[in-house]
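Student: Pasting a predicted model and its sequence here:
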Amino acid sequence: MASNHGAAEQRTKHHKVEGPKKHVVAFIFSILLTFIAFATVISGEINKDFIYVILMGTAFLQVFVQMAFWMHMKDRGHTFAIIGILFGVVIVFTAVIMAEYWVWW
Amino acid sequence: MAHAHAVKRYSGFMDWLTTVDHKKIGILYLIAGGFFFLVGGLEAILIRIQLWAPQNDFVGADTYNELITMHGTTMIFLAAMPLLFAFMNAVVPLQIGARDVAFPFVNSLGFWTFFFGGLLLNVSWIVGDVPDAGWTAYAPLAGTTYSNDHGMDYYVLGLQIAGIGTLIGGINFLVTIINMRAPGMTFMRMPLFTWTAFITSALILFAFPALTVGLAALMFDRLFSANFFDPTAGGNAVLWEHIFWIFGHPEVYILILPAFGIISEVISTFSRKRLFGYSSMVFATILIGFLGFMVWAHHMFTTGLGPVANALFSIATMLIAVPTGIKIFNWLFTMWGGSIKFTSANLYAVGFVPTFVMGGVTGVMLASAPADFQYHDTYFVVAHFHYVIVGGLVLGIFAGLHYWWPKMFGRVLNETLGKITFWTFFIGFHLTFFIQHFLGLLGMPRRIWQYLDGIGFNEMNMISTVGALLMGVGTILFLMNVVVTMAKPKNAPADPWEDGRTLEWTIPSPPPEYNFAQTPLVRGYDAYWKEKMEGHKGMTPAEPIGPIHMPSPSILPFFMGVGLFVAGFGFMYAPDWGHIGALKTGHFIGIIGLATTLLCMVLRSMIDDHGFHIEEDEILKDLGGKA
Amino acid sequence: MSAHTHVEGQLPHEPEKATLEGRNKVLGFWLFLGGETVLFGTLFAAYLSLRDQVLEGPTANHLFDLMLVAIATAILLTSSLTSVFAIQAMHQKNVKSLIGWLIVTVVLGASFLGLEIYEFYHYVHEGHGFTTSAFSSSFYTLVGFHGAHVLFGIVWITLLIIQLSRKGLNVVTAPKVYVAGMYWHFIDVVWVFIFTVVYLMGKVV
């Protein structure tokens, strides 16, 4: 039962207060992905379609890292959080398709 | 356990202005929604009077545009949705065995923002600048070039403010249902109305932000000369349609799903039979909710999206008929073999089934994109959506009113009057809208102020108007029922239908402030019926009797609504109200309004609400008094 | 409401989740972020469809200075990290450290905002105003909404710093801090998409 969740967890888990290491790693990873994205565009050398793939790839990867580690989405107890964000993403996906293909002058 | 601080309790008018109790907020939504229903209904009757004869001049063309815009906008946003929120507030916490919703303060805020948004929208009638671009406010008609009075500003700002209330209400019910169910009530043991409230709240959460963006963009175009939808500046009118309907289509599922929930409750209770196919009902509700986001462009078949897009949306739309059909069959199978009692509530529910099916099948007809090129913008569409909204949602609301009135008000609505009302409204409804299918097929366009004589529209329009007047009579009969009932003593039992299946019927009518003296233990679906069938008089408690912590009332939500209302006016009339120093007077007032709202938010954050306790002796006294 | 879990003495392990009210706030905020995802997504969709309609104004490629954007990104990303440290301090029951990291977060956020205001001021002088074209309206609305969210977050966290100083860390203030941290991460997530879709893609010719 959701309302007993916290109490049960506190009784059974051995409480290790987590250190900053995982989060700093996530930070460095984010900086790296940002750097890759910027470098790809600034260099101007890469084919246009390929750039889009790299940009969206690094963006989604960075968002995944930030949400999994900094927002604890990889931890238990986040079922509805995940459903909520994921469904929002599905709708954004359809809105973006709408904007790219079905708006014309 | 006493608290050192003074307990804030209000009575009378102040009680209603400051309440954070879901039961009272439900009644507030009922009164406000009911009032706006009458306003929208009056607008409908005026429309029908204008149309009862060819080339009529009962109202002018501009007024007619205002009437159709306000009728649609008021009915959907200010009547239907608040009435559904009334039921969700009154019933859902009781059905899950909770003492209130997750965020009582926010619940109150939701009501007051809806109220002030609706008030702002309707003040336009008094001022004389009324929104007139249809409830869908298509660009560029809705922009300043073609709507250059303040009418559409009222639309944009009124709906934006009201929309905030709806959105936070949605979040409230999602958290309540996820986190606050009584012990033993798993998701698959929740009553169907709670399930539909849950999915509806999810739809609200994901659909309303799109409307927020659309309205904000239109507001920026109108008030601050932005260029989202103005083609001469690179803007795009089709973009408005997309954004509006990405909201708009889920919106109609927001309207109908709670009605489906009410029908499930009423039919199973008055058939004395468990709902047939519970799991498939849940699954169908979820599927309808999900698919509802994938079909919006079926409102745009004729805009030139192309055959691929049209085909995709056509098929997706037809798909929704499948889970809906599952529900219809499940209701029929529930009634089959049951011991049916035709109370007024059940009359509405049973009347709903074939009526909604009629609306649904014309929906499948409209879903076929090539055919829609003929139906689009004709009365065929008007007939379809009134069949599903009035024949569906409104009949569902009436069913819910009769069913839950005793729980909310401690009195049972008069059954005889209820039955007369049902038949008057039902016959009136079919008379009004069935004939409109044929008007549409004959080619009568939508939103026209007049039609020519001699093209075959006259008799059908007259019949339609007579039907509308009958619906008006039915509504008045219902109001009379309310007045007559309120004069009766408040002595309804906890379980007035004697066949209550769900938890709300285990507590007094109306419930005490804290709902449940002891949170019940749920041992199955139809929790109360299960206990009854095993010979128990009531629910097994899941906790001992103890002091109950209640949230404090607050006047802040009211003032937050006032602040937004004032801000709306300020920003709207900034071009007209001159200057104070370097700043436009309108902007200055707008900022004051926003600052009021923000200040209330700061106060709410900084000042802790310790609430108050209802002590054991008071609870025991309530239990002793009501067996 | 059911009886409060009054915690005497020891603050529980995850104080933001120790009460029903706290768990409700955290879940409610996650759902709100789901709605905000759709909100920003719709703004992105509008921007994507209008980004080529520049009329006589400057194009994205002409306007954007990637160095400035890179610095702003680094600042906001760092502020997201410092907000994580703040929550960790909260879980370690170290109130002084918690407040310290929150202050750093606010300062970084304010710097980000300052850079953005400078950036907009510069653009207006380049002939890229709010009313210039469909591209400019949608640009300022999307990036401006994000900036407004940053501003709101700064004010909110500042108020929380004041509350923590006065009332200390308890089961009532903890959920507020946690939720503010979630909000701050979210606006950094939105920024990842803004710098990618608006600025970087704007520079791809």
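Tutor: On my side now, so go ahead.
Student: which stretches of the stretch 101-250 of chain B have low pLDDT?
Tutor: Under the criterion pLDDT under 70, no range of the stretch 101-250 of chain B is flagged.
Student: Contact residues of it facing chain C?
Tutor: Within reach of chain C by CB under 8 Å from any CB of the partner chain, the stretch 101-250 of chain B has these residues: B:102-103, B:167, B:171-172, B:174-175, B:178-180, B:205-210, B:212-214, B:216-217, B:220-221, B:224-228, B:230, B:233-236, B:239, B:242-243, B:246. Placement of C-beta: from N, CA and C, glycine included.
Student: Any of those residues buried? List them.
Tutor: B:102-103, B:167, B:171-172, B:174-175, B:178-180, B:205-210, B:212-214, B:216-217, B:220-221, B:226-228, B:230, B:233-236, B:239, B:242-243, B:246 (16 or more other CB atoms under 10 Å in any protein chain shown).
Student: before we move on, the earlier item: mind checking which of the residues of the stretch 101-250 of chain B next to chain C are in helices?
Tutor: Of these, the ones assigned to helices by DSSP state H are B:167, B:171-172, B:174-175, B:178-179, B:205-210, B:212-214, B:216-217, B:220-221, B:224, B:239, B:242-243, B:246.
Student: Just after the host helix or strand of B:Tyr64, pick out the following helix or strand.
Tutor: Using DSSP states H and E, B:Tyr64 maps to helix B:61-73. Beyond helix B:61-73 on the C-terminal side, the first helix or strand identified by DSSP H and E is helix B:81-95.
Student: and that following helix, which residues are buried?
Tutor: B:81-95.
Student: what's the most distant pair in the residues you listed?
Tutor: Pairwise distances across these (CB to CB) peak at 20.7 Å, for the pair B:Met81 and B:Leu94.
Student: Ends of stretch B:51-64, what's the gap?
Tutor: End-to-end distance of stretch B:51-64 (CA to CA, to the nearest Å): 10 Å.
Student: Tell me which residues of it come out buried.
Tutor: Of the residues in stretch B:51-64, B:51-53, B:59, B:64 count as buried by neighbour count, 16+ other CB under 10 Å.
Student: which among these gets closest to chain C?
Tutor: Using CB to the nearest CB, B:Tyr64 is the member of those that lies nearest chain C, at 32.1 Å.
Student: tell me the pLDDT at the closest one?
Tutor: The score at B:Tyr64 is 98. That number is its pLDDT.
Student: So the residue in the stretch 401-550 of chain B that chain C sits nearest to: helix, strand or coil?
Tutor: Chain C sits closest to B:His549 of the stretch 401-550 of chain B, with a gap of 4.2 Å, by CB to the nearest CB. Under DSSP: H, G, I helix; E, B strand; the rest coil, the three-state class of B:His549 is strand.
Student: Show me the strands in chain A, by range?
Tutor: In chain A, no strands are defined using DSSP state E.
Student: Could you chop it up by domain?
Tutor: Here the domain parsing of chain A from automatic domain parsing is A:2-74, A:75-105.
Student: Format those domains as a markdown table; extra columns: mean neighbour count, mean pLDDT and distance to chain B.
Tutor: Listed next are the domains of chain A as a markdown table, based on neighbours: other CB atoms under 10 Å in any protein chain shown; pLDDT from 0 to 100; distance: least, CB to the nearest CB, whole Å:
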| stretch | mean neighbour count | mean pLDDT | distance to chain B |
| --- | --- | --- | --- |
| domain A:2-74 | 15 | 80 | 5 |
| domain A:75-105 | 17 | 91 | 5 |
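Student: got these as a markdown table, with distance to B:Leu192 columns?
Tutor: Below are the domains of chain A laid out as a markdown table (distance: least, CB to CB, whole Å):
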| stretch | distance to B:Leu192 |
| --- | --- |
| domain A:2-74 | 21 |
| domain A:75-105 | 20 |
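Student: Now render the ones you listed as JSON lines, adding distance to chain C.
Tutor: What follows is the domains of chain A, written out as JSON lines (distance: least, CB to the nearest CB, whole Å):
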{"stretch": "domain A:2-74", "distance to chain C": "4"}
{"stretch": "domain A:75-105", "distance to chain C": "3"}
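Student: between those, which gets nearest to C:Val205?
Tutor: C:Val205 lies closest, by CB to CB, to one member of those: domain A:2-74, at 8.0 Å.
Student: Could you give the separation of that closest one from the chain centroid?
Tutor: Relative to its chain's centre, domain A:2-74 lies at 6 Å (CA atoms, centre = their mean, to the nearest Å).
Student: now swap in stretch B:69-80 and tell me
Tutor: With CA atoms, centre = their mean, you get 10 Å for stretch B:69-80.
Student: Buried residues, that stretch. List them.
Tutor: By neighbour count on 16+ other CB under 10 Å, the buried set for stretch B:69-80 is B:69-80.
Student: Check stretch B:278-292 too.
Tutor: If you call a residue buried by 16+ other CB under 10 Å, then stretch B:278-292 has these buried ones: B:278, B:281-282, B:284-285, B:287-292.
Student: outside of that stretch, which residues touch it?
Tutor: Contacts to stretch B:278-292, defined as CB atoms under 8 Å, 6 or more residues apart in numbering or on different chains, come from residues B:188, B:192, B:195-196, B:199-200, B:202-203, B:249-250, B:252-253, B:257, B:260, B:264, B:275, B:316, B:319-320, B:323-324, B:326-327, B:330, B:525.
Student: Residue ranges in chain C under the pLDDT threshold?
Tutor: C:1-9.
Student: one more time with 80, if that's ok
Tutor: Scanning chain C for pLDDT under 80 picks out C:1-10, C:205.
Student: Quick check: B:Thr324 touching B:Gly360?
Tutor: Yes - counting by CB atoms under 8 Å, B:Thr324 touches B:Gly360, with 5.9 Å between them.
Student: ok and the residue in the stretch 101-250 of chain B nearest chain C?
Tutor: Using CB to the nearest CB, the closest approach of the stretch 101-250 of chain B to chain C is made by B:Gly234 at 2.8 Å.
Student: Contact partners for that residue?
Tutor: B:227, C:50, C:53-55, C:133-135.
Student: Scan the residues you listed and report the most crowded one.
Tutor: Neighbour counts for the contacts of B:Gly234, by other CB atoms under 10 Å in any protein chain shown, peak at C:Ala134, which reaches 30 neighbours.
Student: Who are the contact partners of that one?
Tutor: By CB under 8 Å, 6+ apart, the contact list for C:Ala134 reads B:227-228, B:230, B:233-236, C:50, C:53, C:55.
Student: same deal with B:Gly570?
Tutor: Contacts of B:Gly570 by CB under 8 Å, 6+ apart are B:585-593.
Student: what's the burial count for B:Leu583?
Tutor: Using other CB under 10 Å, B:Leu583 has 12 other residues around it.
Student: how near is it to B:Gly338?
Tutor: Going from B:Leu583 to B:Gly338 by CB to CB, to the nearest Å gives 68 Å.
Student: and the residue in chain C positioned nearest to chain B, backbone torsions?
Tutor: Closest approach between chain C and chain B, counting by CB to the nearest CB: C:Gln53, at 2.8 Å. When read as degrees, to the nearest 10, the backbone of C:Gln53 gives phi -90, psi 80.
Student: what's the nearest residue to it if we skip its chain neighbours?
Tutor: In space, and not counting its chain neighbours, C:Gln53 is closest to B:Gly234: 2.8 Å by CB to CB, 6 or more residues apart in numbering or on different chains.
Student: now B:Met365
Tutor: B:Ala371 (6.2 Å).
Student: quick one: the lowest-mean-pLDDT helix or strand in chain B near chain C?
Tutor: Using mean pLDDT, DSSP states H and E, the weakest-scoring helix or strand in chain B turns out to be helix B:616-625, at a mean of 86. No - applying CB under 8 Å from any CB, one finds helix B:616-625 separated from chain C by no less than 11.0 Å.
Student: May I see the buried residues of that helix?
Tutor: Buried, per 16+ other CB under 10 Å, within helix B:616-625: B:618-619, B:622.
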